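>>> After the sequence you'll find the predicted model.
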Amino acid sequence: MVFIQVAVPVPLRQLFTYSHTDTLQPGVRVKVPFGPRQLVGIVVESGVDIDDTSKIKAIIEVVDSAPVIDESLRKMAHWLWQYYHHAPGEVIHAMLPVPLRKGEPATPSPAQYIQVTPEGADTDVKSLSRAPKQMSCLKAVQTTSIIASEARKHFSPAVVKALLDKALIELVDITPELTAQAWLDTFEIGEKPVPDKEQGVAIAALNQQHGTFAISLLEGVTGSGKTEVYLQSIEPLLKAGKQVLILVPEIGLTPQTVSRFEKRFNIPVGVLHSQLTDAARLSVWQRARAGELGIIIGTRSAIFTPLKNPGMIIVDEEHDESFKQQDGLRYHARDLAAMRAKEHSIPLLLGSATPALETLNNALNGRFAHLQLTRRAAGAQSTKQYLLDARDQPIHYGISEGLLTIMRQHVNAGNQILVFVNRRGYAPALLCHHCGTTAMCKRCDRPYTVHKGQNRLQCHHCGATRSMPKECEACHSHEMVTAGTGTEQVEEGLMKLFPDAKHVRIDSDTVRGKDKLHQTLDAINRQEHQILVGTQILSKGHHFPHVTLVVVLDCDGALFSADFRAPEKLAQLVTQLAGRAGRASKPGEMWLQTHNPHHPLLQDLVNNGYAHFARHALMERKASALPPYISQFVIRAEATESSSAYAFLQQARGVLSNSNTANANSKGLVPQMSGPFPCLIEKRQGRFRFMLVCSHEKRAPLHNALRLALPYLQGLPQAAKVRWSVDIDPTDFS
Ligand code: ADP
Ligand code: ZN
Ligand code: ZN
C-alpha cells in the first residue's frame, strides 16, 4: 500500500492523503472519495509516510496514464498556493481546462469534423458570392477541417447543412494527430518594415536573451511599433521551433491582432479567451502542450497553457487591470509570467505605453532590462494634450461651451471625434425635485443608474434592475430629475447639438459580445460614424486613424479618490485614449475637461506626458511608503450584518498582532495594519464589506506572519458567519 498526497478541489488550504496499490506519478488525475462525493484530484506526491493509517481511504480510479500537468506547471502550482495562501486543489483546478477538471480525457478524442469533398476543393468560393456565409465557411474548410459543432456555432447550422446538401463538404470522424513544431511546414516570413533605430536596439537586446531567463520592459509610446518589436524578436525563435505565449487584455484580443501574427509568419495562431467553448479551449491546450502551435495568444488564464518547447512569453499592455484576477484565486498573470519564464529559462517581455508603477520601478532599479521607444512609428505625430477649464461655463449635456466650439471645428472639417465618458447609462442618479430623495438600491445602499432607453433603473454594483418609478418614494411627488451624466445622455445631447453627424455609442449596453464590438469598430474605421461616445472600451487597443479629437468629459472624480492607485489609473486611461487618435497622416489633439485646471497631476500629465508623470508618482509612493516600495495584503470580510464583518476583522487584527503568533516567526513580526474599515463600495448585494490592510517593507516576513496567522483566523468565532478572503498584492480596493 502506498500513501499518496492529492490536491482535491475544495476550499481548504491543505492536501489530502489517500492510499493506492502502486506509486503514482505527480500530475496524474485521480478520482477520490470526499465525504459523500467523488472528486477529481491531482497527485502531488507519492509514497508519503503517515502515522495513523486507519482513516485513509483508497483512490477510486486513476484517470491518466501520464501526468496532465508537467513539472514546470506543478512547480508553478506549488508557488501559487504558497504565495497566494490558497487552497491547492482550487489552484490546480484553475489551471486546467474545464473538461479536464471533470475527468475527461486529456488527449484528443475522435470528433466529428467537416472537410471538403473533392468537388468542394475544386470549387471557386466566388461562385457562392450570393451566399456570403456559405462562401466563408467553404473557404475556411478548404484550408483545414473544422470540428462540426464549432462550424455550426460559428457559421450557423443552416450554412453547414446547405454545403452538405451541395456535397461540397462532408462529415468525418477524425482523431486529431498532434505534431510538435507543425507550424514549420508553412512558416515563412512575410513582408516587414525595416525597424527604426530604437526598435533595432530593442530587437537586438531581446535576441541576446534567447535561452536565458530575463525580464524586459518595452516602454513605448502608443503607436511606436511595440507589436513590430514583438514580431521581429520572436521570428528567430519560431524559426528554431520554439513556442511563444502572448498575453493580452481581454478587450485587446481582436481578430486584427491575431491575423497580424498569422499573416507575418503564415502559421495558425492558437487563441484563448473567455468566450470560447470548453471544447475549443481544450483543443488549444492540447495543441500547445503537444508543441503543435508556434504562437498562442490569450487573456489572463492563458498563462496556464502548457508548452512543449517554450521560447518566450510576452505580456502586452502589461499595466492592464484585467491581468489581475479579482475573485477566487486572486493571481496576477504578470507575476506568474515571470515565474514561468524563470522556470523555463526563457525571456519575458512586458510591453506598454503606460507601464504599471510596479513594473517601471523594476526597470528603473535595474532588475528588468529597460527598452524604450519614444517616437511613433512611420512618422505619425503624437496627440497634443490640453486642459479645458470648465469653471463658470455653460454646460450642455455635460459638455462645456468652450469644448463644444472645439468639437464643432473638427466635425465641420469632416473628421471623427471621440468623446470619453466614465459611466454608462443616462445618469448616475435619479432624485426627487421636491424633497431630494434619491432612488437607491437597497441591497447596495447606492443610487440606481438611470437607463432611459430601457426606461429602467439599474444598480451598477449588483446588476439589479427595476422599472422607472413614477413618483418619489418619500413624498410621492411626481417630479423626478436626473443628476450627473452618462454615455446615454451625452449621446442624446450630441444628437441635438450635431444633428447632421452620425453617432455611435460604445459601452457594454450597446455592444454586447465580441462580434458586435468588432463590427462597430470596423464600421468606425470605414467612417460610417463621425462622433464616437463611449466608456473605457474605447481606450484599449483599437486604432482610430480618422479620429483627430479626443475629449474626456470628466476627470475630476479620480483626482479625489480614496484609492492611492486612482491617479495612476487616470494617467494610464488618458494616455491610452490619446493614443487612439492621430495615427495616420492626421495629427490629433486631446482636451480634458476639468474644474481643477491647476491640479498638479493634470498639469504634469498634460505638459510632460505619462513617462514623466509615472516617475514622479513613484517618488511620491516612496515618500508615502506605498507599493511598490512596501508589500501588502488585504483581508476582506463580507456579511449581511455589518457588525459581524467588522468584528471578524477586529479579531483578525488581534491574531496578527498577537505576540504568540508573531513570536513563532523568527523575526517576531507584526505587520503594520490599517482598518478594519469599509471597502470603497461599502455594501453590495445586501452584504456589508470591510477590509483590513496589512503592510510591511519586506515581503517574506509579511507572508510568514500571514501563514502563521491563517490557522487561527480559520478558527475565529466569527469566521463561520462571514465570507472572508485574502488578497495578496491587492490592486483594487473597491
Ligand atoms: P504599437 O504596438 O506600439 O501600438 P505597432 O507595432 O502597431 O505599434 O505600430 C504602429 C503602426 O506603425 C503599425 O501600422 C505598424 O505596421 C507601423 N510600424 C511599426 N514599425 C514600423 C517601422 N519600423 N516602419 C514603418 N512602419 C512601422
Ligand atoms: Zn420626494
Ligand atoms: Zn445593488
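It's in. All of these numbers come straight from a predicted model, not from anything done at the bench. Ligands and ions are numbered 1, 2, ... in the order given.
>>> Flag the shaky bits of the stretch 201-350 of the chain, pLDDT-wise.
Residue ranges of the stretch 201-350 of the chain with pLDDT under 70: none are present.
>>> mind listing what's buried in the host helix or strand of V159?
Under the criterion of DSSP states H and E, V159 resides in helix 157-165. Of all the residues in helix 157-165, those buried under the rule 16 or more other CB atoms under 10 Å are 159-160, 162-163. Every C-beta, even on glycine, is put in place using the N, C-alpha and C of the backbone.
>>> Equivalent analysis for stretch 405-417, please.
So stretch 405-417, judged by 16+ other CB under 10 Å, has buried residues 406-407, 410-411, 415-417.
>>> Over to stretch 370-380?
370-373, 375-377, 380.
>>> V62 - nearest residue in space that isn't next to it in sequence?
V30 (5.4 Å; CB to CB, 6 or more residues apart in numbering).
>>> State the distance from the one you found to Q527.
59 Å (CB to CB, to the nearest Å).
>>> Tell me the residues of the stretch 51-200 of the chain that contact ligand 1?
193-196, 199 (CB under 6 Å from any ligand atom).
>>> Which of those residues fall within helices?
Q199 (DSSP state H).
>>> V693: which element?
strand 687-696.
>>> just how off-centre is that strand within its chain?
Computed by CA atoms, centre = their mean, to the nearest Å, the chain-centroid distance of strand 687-696 equals 23 Å.
>>> Now do that strand: which elements does it pack against?
Where contact means 3 or more CB pairs under 8 Å, 6 or more residues apart in numbering; DSSP states H and E, strand 687-696 is packed against strand 631-639, helix 642-657, strand 672-684, helix 699-714.
>>> Ligand 1: which of the residues of the stretch 51-200 of the chain next to ligand 1 is nearest?
Within those, proximity to ligand 1 (CB to the nearest ligand atom) peaks at P193, which comes in at 3.3 Å.
>>> Give me the spatial nearest neighbour of the closest one, chain neighbours excluded.
Nearest one to P193, counting by CB to CB, 6+ apart, is E228 at 6.5 Å.
>>> shouldn't that neighbour be in contact with P195?
Yes - between E228 and P195 there is a contact at 6.9 Å, judged by CB atoms under 8 Å.
>>> and those two? which has more neighbours close in?
Using other CB atoms under 10 Å, the more surrounded residue of E228 and P195 is E228, with 22 against 19.
>>> so who does that one touch?
Contacts for E228 (CB atoms under 8 Å, 6 or more residues apart in numbering) come out as 192-193, 195, 199, 377.
>>> now do 10 Å
192-193, 195-196, 199, 202-203, 220, 260, 264, 373, 377-378 (CB atoms under 10 Å, 6 or more residues apart in numbering).
>>> how near is it to ligand 1?
4 Å (CB to the nearest ligand atom, to the nearest Å).
>>> and the end-to-end length of stretch 116-126?
From its first residue to its last, stretch 116-126 covers 16 Å (CA to CA, to the nearest Å).
>>> Actually, stretch 52-70.
Span of stretch 52-70 from end to end, CA to CA: 31 Å.
>>> buried stuff in it?
In terms of neighbour count (16+ other CB under 10 Å), stretch 52-70 has its buried residues at 59, 62-64, 67-70.
>>> what's the answer for stretch 180-188, then?
Buried-residue list, stretch 180-188, by 16+ other CB under 10 Å: 181-183, 187.
>>> swap in stretch 693-707?
Quick answer for stretch 693-707 (16+ other CB under 10 Å): 693-696, 701-706.
>>> Next: stretch 489-499.
489-494, 497-498.
>>> Among those residues, which lie within helices?
Checking these against DSSP H, those in helices are 489-494, 497.
>>> L605: neighbouring residues, count only.
26.
>>> Secondary structure element for it, which one?
Secondary structure (DSSP H and E) places L605 in helix 600-623.
>>> And P730, how far from F323?
14 Å.
>>> of those two, who's got more company?
F323 (25 against 18).
>>> Quick check, the more buried one in contact with R330.
No - the pair F323 / R330 is not scored as a contact, 11.5 Å apart, by CB atoms under 10 Å.
>>> Touching both of the two, which residues are there?
T731.
>>> Residue numbers of this protein in contact with ligand 3?
Applying CB under 5 Å from the ion, one finds that the chain approaches ligand 3 through 441, 443-444, 459, 461-462, 464.
>>> now these as a markdown table including pLDDT and neighbour count?
Shown next, in a markdown table, are the residues of the chain next to ligand 3 (pLDDT from 0 to 100; neighbours: other CB atoms under 10 Å):
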| residue | pLDDT | neighbour count |
| --- | --- | --- |
| C441 | 92 | 24 |
| R443 | 88 | 15 |
| C444 | 87 | 22 |
| C459 | 92 | 21 |
| H461 | 86 | 18 |
| C462 | 86 | 17 |
| A464 | 90 | 15 |
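>>> Strands of the stretch 251-400 of the chain, start to end?
In the stretch 251-400 of the chain, the segments counted as strands under DSSP state E, counting those that start in this stretch are 269-272, 295-298, 310-316, 347-352, 369-373, 384-389, 395-396, 399-400.
>>> Quickly note the distance from the residue of the stretch 1-150 of the chain at minimum distance from ligand 3 to L336.
Using CB to the ion, P11 is the residue of the stretch 1-150 of the chain that sits closest to ligand 3, at 25.8 Å. Counting by CB to CB, the gap from P11 to L336 is 21 Å.
>>> Tell me which two of the buried residues of stretch 405-417 sit farthest apart.
I406 and Q416 (14.1 Å; CB to CB).
>>> circling back: hang on, the residue nearest to P193 in a helix?
Yes - assessed with DSSP: H, G, I helix; E, B strand; the rest coil, E228 lies in a helix.
>>> do you know how far it is from T186?
E228 is 22 Å from T186, by CB to CB.
>>> residue contacts, the residue nearest to H542 when sequence neighbours are not counted?
Nearest residue to H542, sequence neighbours excluded (CB to CB, 6+ apart): L521, at 5.4 Å. L521 makes contact with 254, 256, 504, 506, 511, 532, 537-538, 541-544 under the criterion CB under 10 Å, 6+ apart.
>>> Over to L521. Which of the three states is it?
Classified using three-state DSSP, L521 is helix.
>>> List the residues that contact the residue nearest to G534 when sequence neighbours are not counted.
In space, G534 comes closest to I506 once its chain neighbours are excluded; the distance is 3.5 Å by CB to CB, 6+ apart. Neighbour list for I506: 418, 424, 487, 491, 516-517, 520-521, 524, 529, 532-538, 542 [criterion: CB under 10 Å, 6+ apart].
>>> do I296 as well
Here I296 is in contact with 243-247, 269-272, 284-285, 287-288, 302, 305, 307, 313 (CB under 10 Å, 6+ apart).
>>> Please flag which of these sit within helices.
Per DSSP H, the contacts of I296 map to helices at 284-285, 287-288.
>>> Geometrically speaking, which residue is the centre of the protein?
S322 (2.3 Å; CA atoms, centre = their mean).
>>> Do I have it right that that residue meets R300?
Yes - between S322 and R300 there is a contact under CB under 10 Å: 6.2 Å.
>>> Please enumerate the shared neighbours of these two.
247-250, 333.
>>> Highest neighbour count among the residues you listed?
Scoring these on neighbours with other CB under 10 Å, the highest-scoring entry is L247 at 30 neighbours.
>>> what helix or strand is the spatially most distant residue from the centre of the chain on?
Going by CA atoms, centre = their mean, the residue of the chain most distant from its centre is S54, 46.5 Å out. Using DSSP H and E, S54 is not contained in any helix or strand.
>>> Contact partners for it?
So S54 contacts nothing (CB under 10 Å, 6+ apart).
>>> Check what pLDDT it gets.
Model confidence at S54, given as pLDDT, is 83.
>>> ok, it to ligand 1 distance?
62 Å.
>>> do the same with Y712
49 Å.
>>> so that residue makes contact with N658?
Yes - Y712 is in contact with N658 according to CB under 10 Å; the separation is 7.8 Å.
>>> Report how many residues lie close to M339.
Using other CB under 10 Å, the number of residues around M339 comes to 18.
>>> Between the two ends of stretch 448-458, how far is it?
With CA to CA, one end of stretch 448-458 sits 5 Å from the other.
>>> Cool, thanks, talk later.
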